[in-house]
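Visitor: 3D model of this:
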Amino acid sequence: MLSAEGVRIKDLDSANGTFLNERPVREATAIPGDIVRLGSSILEVRDPSVTRATEGVEMHDSSTVESVIMRRIEPSSLEWLSSAAEGSSVELALLQRAQRHLSTLHRVSEMLAGGRDLQRLTDATLRAILEVLPADRTAIVLRREDPLSGALEVLAARSRATSAEPFTVSRTLVSDVIAKGVSVFAHDASTDARFAEGQSIIGQHVRSVMCVPLRTTDEVLGALYVDSLSGVGRFSEPDLELLAAIGNQAGVAMHRVRLMGELERLLLDTIRAIAATVDARDGYTHRHSERVAALGGRLARELGMTDEERETVELSGLLHDVGKIAVPDSILNKPGRLTAEEFVEMQKHPVHGARILENIQSPTVKAVLPGVQYHHEKWDGSGYPEGLQGETIPLLGRLLGVADFFDALTSARSYRGAMDPIDAIRLIETGAGTHFDPTIVAAAVRLFARGLLVIETLPSEIRAAAPVRLVE
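Guide: Residues are numbered from 1 along each chain as shown. Next up is the predicted model:
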């Protein structure tokens with residue numbers, strides 16, 4: 001309503017409220033220069049007698065500019081917003097909110113862009129949410145592979161509390177957000193009719209709740225959930241907009257990681273097929289590559305290597321004999337000992353293997369090459385193919401050398417039976433400092449003493465269950 005004093009504003013019990021210069025109002029008068037926000041719509045009050053035109057604008061040739069400003073710009077700092085706010089107290093709140101919003105999204109985008117596995121990606125997402133929003137708890141819930149089943153799983157969760165309190169998420173709320181692709185927000189969940197039946201809301205005394213979709217360009221993967229236990233009204237509508245933007249970024253990043261994971265699994269399945277083909281050519285080394293991979297993984301863990309390094313060791317163990325594809329069957333399956341000439345041909349298999357794998361343009365495969373090429377080198381320099389000595393032999397080659405030797409000794413061959421594991425570990429101990437790296441030998445001896453060096457059955461992967469439950 002227009003009056004002599006300005007524009008008269010009255011809120012008619014709207015769901016989102018009316019704000020004048022970011023202050024909630026029921027009734028107020030706005031003057032030229034004021035900002036009125038109705039939900040997500042922003043209006044500026046202007047004087048109709050003042051016109052805005054572009055007449056008189058001229059373009060100047062860049063050669064007439066005498067000074068050039070050169071500086072390093074940090075994209076996440078958004079200093080232009082800070083400087084723009086200095087001259088206008090009216091727009092200060094809006095500009096500060098925009099600066100926080102854009103800075104947060106830029107930082108989250110940088111974190112998510114570098115994520116290559118789902119665990120690190122989800123951890124970065126939840127950590128960012130707790131840093132920028134006044135939330136007590138947050139969780140990522142994904143749909144299972146078959147979207148028609150409606151099954152959900154809590155992928156990851158974080159809480160500000162250090163105690164291991166139960167943390168449950170409303171299945172009804174999350175399912176509704178995923179099915180409809182809409183964001184949900186409640187100032188006071190305890191009095192909101194939508195959550196009246198929710199055990200996870202009422203039972204845990206949740207006060208404020210937000211839940212937004214995890215989107216890709218063409219589907220909803222799941223939902224981002226946050227809540228507050230410490231008070232009503234902890235979240236605002238701008239917080240919901242920020243969380244929804246993070247959900248969009250995280251959804252795209254997770255979809256990318258899933259696709260990468262599918263390609264990685266395809267590659268690993270191909271590698272296992274290659275390893276099985278090599279082992280099948282030699283009836284006396286059935287599943288030898290798998291056992292060497294398992295032994296190598298145990299040695300890596302005993303040596304304190306990271307999970308990523310251990311995975312590289314295991315993959316290299318699977319592929320360490322792939323070069324035997326190029327060895328003639330007459331040599332590979334000869335029932336007796338090899339002649340000197342035949343042994344020379346057999347000694348070429350590490351180089352053959354490295355050359356075969358070099359054709360695969362994958363960082364994962366590139367990382368295993370030292371183990372494939374150098375697992376027959378010896379500490380004293382008497383090994384092959386290059387006669388490397390001591391620590392000039394790559395660690396991967398030194399480690400697989402011990403694993404390969406132990407399994408070879410304890411497996412039956414056409415010209416001898418399997419050696420007793422006790423005799424095999426003693427032989428390896430004798431070779432410390434001559435054939436093998438003494439540090440790796442010591443790790444093998446410790447594993448043997450604990451009964452972990454002999455592979456009875458090949459281990460299967462076990463995934464831990466998520467520590468958060470979904471309830472109605």
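Visitor: number of nearby residues for L133?
Guide: Residues lying near L133 (other Cβ atoms under 10 Å) number 21. For every residue, glycine as well, the C-beta is placed using N, CA and C.
Visitor: if I look at it, how far off is V327?
Guide: Using Cβ to Cβ, to the nearest Å, one gets 61 Å for the distance from L133 to V327.
Visitor: what of L409?
Guide: From L409 across to V327, the span is 21 Å (Cβ to Cβ).
Visitor: the two: which is more packed in?
Guide: V327 (21 against 18).
Visitor: and the gap between that one and P350?
Guide: 11 Å.
Visitor: repeat for L224
Guide: 49 Å.
Visitor: I35 and R46 touch, don't they?
Guide: No - contact between I35 and R46 fails when scored by Cβ atoms under 8 Å: they sit 11.1 Å apart.
Visitor: so between the two, which is more surrounded?
Guide: With neighbours defined as other Cβ under 10 Å, I35 and R46 compare such that I35 has more, 18 against 13.
Visitor: V368 versus the residue nearest to G397 when sequence neighbours are not counted, what's the distance?
Guide: Excluding the flanking residues, the one nearest G397 by Cβ to Cβ, 6 or more residues apart in numbering is Y374, at 2.9 Å. Remark: distance between Y374 and V368 (Cβ to Cβ) = 11 Å.
Visitor: and G222, by the same measure?
Guide: 34 Å.
Visitor: neighbour-wise, which of those two wins?
Guide: More crowded of G222 and V368, by other Cβ under 10 Å: V368, with 28 against 25.
Visitor: surely the more buried one meets V322?
Guide: No - the criterion here is Cβ under 8 Å, and V368 misses it with V322 at 9.8 Å.
Visitor: shared neighbours, the two?
Guide: Both V368 and V322 are contacted by L357, under the criterion Cβ atoms under 8 Å, 6 or more residues apart in numbering.
Visitor: lowest mean pLDDT among the helices and strands of this protein, which one is it?
Guide: helix 79-85 (a mean of 47; mean pLDDT, DSSP states H and E).
Visitor: what's near enough to touch the residue lying closest to D321 once chain neighbours are set aside?
Guide: The shortest distance from D321 to any non-neighbouring residue, by Cβ to Cβ, 6+ apart, is to V278 (5.4 Å). By Cβ under 8 Å, 6+ apart, V278 lies in contact with 289, 321-322, 324-325.
Visitor: can you pick out the most distant pair from these?
Guide: Maximum pairwise distance in the contacts of V278, criterion Cβ to Cβ, is 12.2 Å, between S289 and I325.
Visitor: which of the two has more neighbours?
Guide: Using other Cβ under 10 Å as the criterion, S289 and I325 rank with S289 on top: 25 against 15.
Visitor: in what helix or strand does the more buried one lie?
Guide: Here S289 sits within helix 288-302, counting by DSSP states H and E.
Visitor: buried stuff in the next helix or strand after that helix?
Guide: Next along the chain after helix 288-302, taking DSSP H and E as the criterion, comes helix 307-319. When burial is assessed from 16 or more other Cβ atoms under 10 Å, helix 307-319 yields the following buried residues: 309-319.
Visitor: so what does helix 307-319 touch, helix or strand wise?
Guide: Helix 307-319 sits against helix 237-281, helix 288-302, helix 363-374, helix 395-409, with contacts defined as 3 or more Cβ pairs under 8 Å, 6 or more residues apart in numbering; DSSP states H and E.
Visitor: and the next element down the chain from it?
Guide: helix 329-332.
Visitor: which outside residues touch that following helix?
Guide: Contacts of helix 329-332 (Cβ under 8 Å, 6+ apart): 281-282, 324, 338, 342, 345-346.
Visitor: out of those residues, which are buried?
Guide: 282, 324, 342, 345-346.
Visitor: which of those sits closest to I422?
Guide: Within the buried ones among the contacts of helix 329-332, proximity to I422 (Cβ to Cβ) peaks at D282, which comes in at 25.9 Å.
Visitor: for P394, see how far away the closest residue to E358 other than its chain neighbours is.
Guide: Leaving aside its sequence neighbours, E358 sits nearest to L369 (Cβ to Cβ, 6+ apart; 7.0 Å). Here the criterion is Cβ to Cβ. By it, L369 lies 9 Å from P394.
Visitor: got it, and E309?
Guide: For E309, the distance to P394 - Cβ to Cβ - is 12 Å.
Visitor: cool, T138 as well?
Guide: Taken as Cβ to Cβ, the span from T138 to P394 is 42 Å.
Visitor: more neighbours, those two?
Guide: Taking other Cβ under 10 Å, T138 and P394 do not tie; T138 has more neighbours (25 against 17).
Visitor: how close does that one get to R8?
Guide: 42 Å.
Visitor: could you measure from A418 over to K334?
Guide: According to Cβ to Cβ, A418 stands 19 Å off from K334.
Visitor: what's the neighbour count on R37?
Guide: 21.
Visitor: now swap in S382 and tell me
Guide: Quick note: S382 (other Cβ under 10 Å) scores 11 neighbours.
Visitor: in a strand, it, correct?
Guide: No - using DSSP: H, G, I helix; E, B strand; the rest coil, the assignment for S382 is coil, not a strand.
Visitor: need the pLDDT of the closest residue in space to S289 that isn't next to it in sequence.
Guide: Leaving aside its chain neighbours, S289 sits nearest to A275 (4.3 Å; criterion: Cβ to Cβ, 6+ apart). At A275, the model reports a pLDDT of 73.
Visitor: doesn't L318 make contact with A275?
Guide: Yes - A275 is within contact range of L318, at 4.6 Å (criterion: Cβ under 8 Å).
Visitor: between the two, what contacts are shared?
Guide: Joint contacts of A275 and L318 (Cβ under 8 Å, 6+ apart) are 289-290.
Visitor: from the contacts of helix 329-332, which has minimum pLDDT?
Guide: D282 (64).
Visitor: count the neighbours of R258 for me.
Guide: R258: 15 neighbours (other Cβ under 10 Å).
Visitor: any idea how far it is from I178?
Guide: With distances taken as Cβ to Cβ, R258 is found 16 Å from I178.
Visitor: likewise T392?
Guide: 55 Å.
Visitor: ok, now T430?
Guide: 62 Å.
Visitor: these two: who's more crowded?
Guide: I178 (22 against 12).
Visitor: wasn't A28 part of a helix?
Guide: No - according to three-state DSSP, A28 belongs to no helix; its state is strand.
Visitor: now, which of the contacts of helix 329-332 sits nearest V454?
Guide: Nearest member of the contacts of helix 329-332 to V454, counting by Cβ to Cβ, is D282, at 21.4 Å.
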